[in-house]
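Participant: For reference, the sequence and a predicted model appear below.
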Number of protein chains: 2
Amino acid sequence: MENNNISILGAGLIGSLLGIFLRKRGLDVSIFEKREDRRHQLYKEEGRSINMALSDRGWKALEKVGLKDKIKDLAIPMYGRRIHDEHGNTTFQQYGKDGEAIYSISRGKFNQILVDEAEKVGVQLNFEHKCEDVNIYKKQIKFSLPKWEAKKHQANVIIGADGAYSALRSSMQKQERFDFSQHYISHGYKELSIPPTAEGEFAMDPNALHIWPRGKFMLIALPNPDKSFTCTLFLPFEGTKVCFDKIHDKKDVESVFKTYFNDAYNMMPTLGEDFFKNPTSALITINCYPWVKNQCLLIGDASHAMVPFYGQGMNCGFEDCYVLDGLIEKYGTTSWELIFEKFQKMRKPDTDAISQLALENFIEMRDAVSDPKFLIRKKIEARLHELYPKEWIPLYTMVTFSDIPYSEAYAQGKIQDRIMNKVMADPLITQNWDKLDYEDIIDQVETARMV
Amino acid sequence: MENNNISILGAGLIGSLLGIFLRKRGLDVSIFEKREDRRHQLYKEEGRSINMALSDRGWKALEKVGLKDKIKDLAIPMYGRRIHDEHGNTTFQQYGKDGEAIYSISRGKFNQILVDEAEKVGVQLNFEHKCEDVNIYKKQIKFSLPKWEAKKHQANVIIGADGAYSALRSSMQKQERFDFSQHYISHGYKELSIPPTAEGEFAMDPNALHIWPRGKFMLIALPNPDKSFTCTLFLPFEGTKVCFDKIHDKKDVESVFKTYFNDAYNMMPTLGEDFFKNPTSALITINCYPWVKNQCLLIGDASHAMVPFYGQGMNCGFEDCYVLDGLIEKYGTTSWELIFEKFQKMRKPDTDAISQLALENFIEMRDAVSDPKFLIRKKIEARLHELYPKEWIPLYTMVTFSDIPYSEAYAQGKIQDRIMNKVMADPLITQNWDKLDYEDIIDQVETARMV
């Protein structure tokens, strides 16, 4: 049963969850992770990871391996966006129906639980194994270990869950006919923090994702269980009035924050230090195909890293695991070729769609959400959804609160977009929005779908 | 004068021509080439290189270094396409005005002359130096040499002219914020041959590029000085009725050729052997940016490999050298940062344009050229060019017989396309084409340009 020996690269969120799924199917699973095992150290954020927002697709996968309840304790529901304007006024935009939420969770603790669970169910963990190269044909993995040691591992099935800078993908890239692209957006990000108040309370409403949209840039904040918020500042690297290249010292930081994020500034006592201590990171989009070669498979960010603006990177990776597990459930493990082939064919259009939506949503987050007409538009869409719950599901709801394939959500969203652009073109829409002919709008959807 | 020490990776067509340009500017130039020095061996084709078609941009660069006349002796002018239909009937489509031609030349001999010339003007040649890695920050190059030897080279300025699978680019790809894509088309190619006749003559008209367009696939042939033709067969790899995957033995090859290329088949006595001796190669498009990092520059295919269907890959690479030399002429060599920055900013839109045109031209070559309406269209465009030589220059002419920036040619071509599509929509165009209101067409161009 050589074929039931699985080597996973990466003990991150996707790699460890996948390990659990596969082990539960009775397979022998080894995970190789380049970092050291940090589980038994004091829990500490890495300084450069964006807080995660767990939503329905992620929960669905966690539920299938029985981890939903355990994780729920760590997660803080965010029922909507709280928009901060330049004067410190805020407005709340609910994400979905009452009770629907995305859940703020910190990567470190979450990852620790998944790794612990993987170990518990019998996954072999190998830390401090840095993959240097994979010979795809021989399925041999070269690892470098601490103290200049090296190790060759003969694998049978290799799954690369090793992230946006995947080593397995680098090896696949050298194969003929491997399509690949890496693209950086013009913005970078930096993590900052809002500590609890002197009274030990959350400094803002904890049940919202806070956004300070400023057109070309923005600040966001997500709540943590310790009553702090993790903030992420997204700025262009260079070339605009406000950009990372033009911030040289604490005075510059303060000036930007006082001007654009004054209410946040007043909650950030260590802003100046944090800004120069934490790295400025870039945001990459990865596209590649095929994901499979000779029983080597790419999964999660390794095959489709996306920008974080739809909060779906991790959720999509978890759905990858769920879908792959479903294929194993259906076809067994006698032919990995069959399963991997079906997996990539089925999954690629969906990951392309969410990757594109993530890029598009950046503009919505940093700009559109502060437009009063955007609010009207959301209200109209919510009303449509209320009146015609199946015929009109807002795009955000399809992506976040359903498991409709991303590609279908994408196509549907484009139809809705065209129709709503026409609706919003009415100059009196601000007054008239609740007197619209909603039935006619739904008819337009039906017609568009048939074309 | 450390700064005047240039290390070029690759002694191919672009690397050696660039070496000549830079040496002539008084710089110290070393070229490192992974292959052995084959100049003193019997001249032999490599089996997988498509014959080159030299056109105006290429000649312009060769002229600037004084090599035009020397090369002209090796090159065979092709004044147009000769289209072969399935019954062996041919038609001739002139490329430009009388006397305008592209020139068939074999890569091997051409490369040899450029390397000889580089050596003559004082370029240091280092063969059998395979670049394994470049440390971009330290500008150190690691080479592997024959017999497992290795060598570290400290460079000052590094230029990667090392082709579509560039080692310098691989090192740059690991840098943050390096945009990169490699994309393969669904077709591959195989080189074949038509020898001279028993009488020692060309088997077909030597002053044409022969095309057997068959919709989803095609065969082409270019003349050689030894009176043979080098043929290239372009087929989908898989999934269609006629594709590489479905050709298993000589019988299959013969059946395809007898059915689709019967006149060529009768001129190819070694077809069966050639087909299985020669490799099937893939066709890659490379896009990346920036091309420059810390005085390391990518040039030619290393920065913008394109499919061969516009015959511009080499010409574009030569124009790269011409443009770079022009910048050195203008700004001197005190700041390579300045020159390289200006080079990439100026050149990127043009190489993007020709790369896109090359993809689009595949459809024209394998399909459109056999459509009678395509011929009418070309006639109308030729007439327009005759009547309004400045206002209407056919796209092929702009690309091939001028040095209009590729990006301008591209934009102009799109305008022409829209106008010609309208013109061709007339169901009676076949009868009416020479009674058109040509002035009105030109007016449409003017209007479109202003928008």
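Facilitator: Done, it's in. Numbering: from 1, shown residues only, chains lettered A, B, ... in the order given.

Participant: In the stretch 201-350 of chain A, mark out all the strands, start to finish.
Facilitator: Using DSSP state E, counting those that start in this stretch, the strands of the stretch 201-350 of chain A run over A:209-213, A:218-223, A:229-236, A:281-289, A:292-293, A:296-298.

Participant: Burial-wise, tell me which of these comes out on top.
Facilitator: strand A:296-298 (a mean of 28; mean count of other C-beta atoms under 10 Å in any protein chain shown). Heads up, the C-betas are built off the backbone N, CA and C, glycines and all.

Participant: What pairs with that one, parallel or antiparallel?
Facilitator: Looking at strand A:296-298 with DSSP bridges, its partner strands are strand A:157-160 (parallel), strand A:292-293 (antiparallel).

Participant: So the longest helix along chain A, near chain B or not?
Facilitator: Looking across chain A with DSSP state H, the single longest helix is helix A:336-366. No. Applying C-beta under 8 Å from any C-beta of the partner chain, one finds helix A:336-366 out of contact with chain B, separated by at least 13.2 Å.

Participant: And the very next helix or strand once past that helix, how far out from the chain middle?
Facilitator: Following helix A:336-366 in sequence order, the next helix or strand is helix A:372-387 (DSSP states H and E). Relative to the centre of its chain, helix A:372-387 is centred 25 Å away, using C-alpha atoms, centre = their mean, to the nearest Å.

Participant: After helix A:372-387, which helix or strand is next?
Facilitator: Counting by DSSP H and E, the next helix or strand C-terminal to helix A:372-387 is helix A:395-400.

Participant: Packing partners of that following helix?
Facilitator: helix A:336-366, helix A:406-424 (3 or more C-beta pairs under 8 Å, 6 or more residues apart in numbering or on different chains; DSSP states H and E).

Participant: So what are the structural domains in chain A, by residue number?
Facilitator: If you go by automatic domain parsing, the domain ranges for chain A are A:2-77+A:106-182+A:284-361, A:184-282, A:371-450.

Participant: how about CSV for those domains, with distance to residue B:277 added?
Facilitator: Listed next are these as CSV, based on distance: least, C-beta to C-beta, whole Å:
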stretch, distance to residue B:277
domain A:2-77+A:106-182+A:284-361, 19
domain A:184-282, 44
domain A:371-450, 44
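
Participant: which of the helices and strands packed on helix A:395-400 sits most buried?
Facilitator: Greatest average neighbour count among the helices and strands packed on helix A:395-400 goes to helix A:336-366 (a mean of 19), per mean count of other C-beta under 10 Å.

Participant: related to what we said a few turns ago, out of the strands paired with strand A:296-298, the one nearest residue B:36 is which?
Facilitator: With C-beta to C-beta, the closest approach to residue B:36 among the strands paired with strand A:296-298 belongs to strand A:292-293: 31.4 Å.

Participant: What about residue A:167, how many residues nearby?
Facilitator: Other residues within reach of residue A:167, judged by other C-beta atoms under 10 Å in any protein chain shown, total 23.

Participant: pretty sure it contacts residue A:136?
Facilitator: No. With contact defined as C-beta atoms under 8 Å, residue A:167 does not reach residue A:136; the gap is 11.9 Å.

Participant: would JSON lines of the domains of chain A with mean pLDDT be doable?
Facilitator: Formatted as JSON lines, these follow (pLDDT from 0 to 100):
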{"stretch": "domain A:2-77+A:106-182+A:284-361", "mean pLDDT": "94"}
{"stretch": "domain A:184-282", "mean pLDDT": "96"}
{"stretch": "domain A:371-450", "mean pLDDT": "93"}
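
Participant: most neighbours per residue, which of those domains?
Facilitator: Among the domains of chain A, domain A:2-77+A:106-182+A:284-361 has the highest mean neighbour count (mean count of other C-beta under 10 Å), at a mean of 19.

Participant: Tell me how far it lies from the chain's centre.
Facilitator: 14 Å.

Participant: got it, and stretch A:376-388?
Facilitator: For stretch A:376-388, the distance to the chain centre is 26 Å (C-alpha atoms, centre = their mean).

Participant: pull the CA atoms of that stretch into CSV?
Facilitator: C-alpha atoms of stretch A:376-388 as CSV (Å, rounded to 0.1, in the frame of the first residue of the first chain):
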residue,chain,number,x,y,z
ILE,A,376,-28.3,52.6,-0.9
ARG,A,377,-27.1,50.0,-3.3
LYS,A,378,-26.5,47.5,-0.4
LYS,A,379,-30.0,48.3,1.0
ILE,A,380,-31.6,47.6,-2.4
GLU,A,381,-29.8,44.3,-2.7
ALA,A,382,-30.7,43.4,0.9
ARG,A,383,-34.4,44.1,0.1
LEU,A,384,-34.2,42.1,-3.1
HIS,A,385,-32.7,39.2,-1.2
GLU,A,386,-35.5,39.5,1.4
LEU,A,387,-38.2,39.5,-1.3
TYR,A,388,-36.6,36.9,-3.5
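
Participant: Which one of the residues in the stretch 201-350 of chain A is closest to chain B?
Facilitator: The minimum distance from the stretch 201-350 of chain A to chain B, using C-beta to the nearest C-beta, falls at residue A:282 (5.1 Å).

Participant: need the contact list for that residue.
Facilitator: Contacts for residue A:282 (C-beta atoms under 8 Å, 6 or more residues apart in numbering or on different chains) come out as A:184, A:188, A:237, B:176-177.

Participant: at 10 Å instead, please
Facilitator: The contact partners of residue A:282, taken as C-beta atoms under 10 Å, 6 or more residues apart in numbering or on different chains, are A:184-189, A:237, B:176-178.
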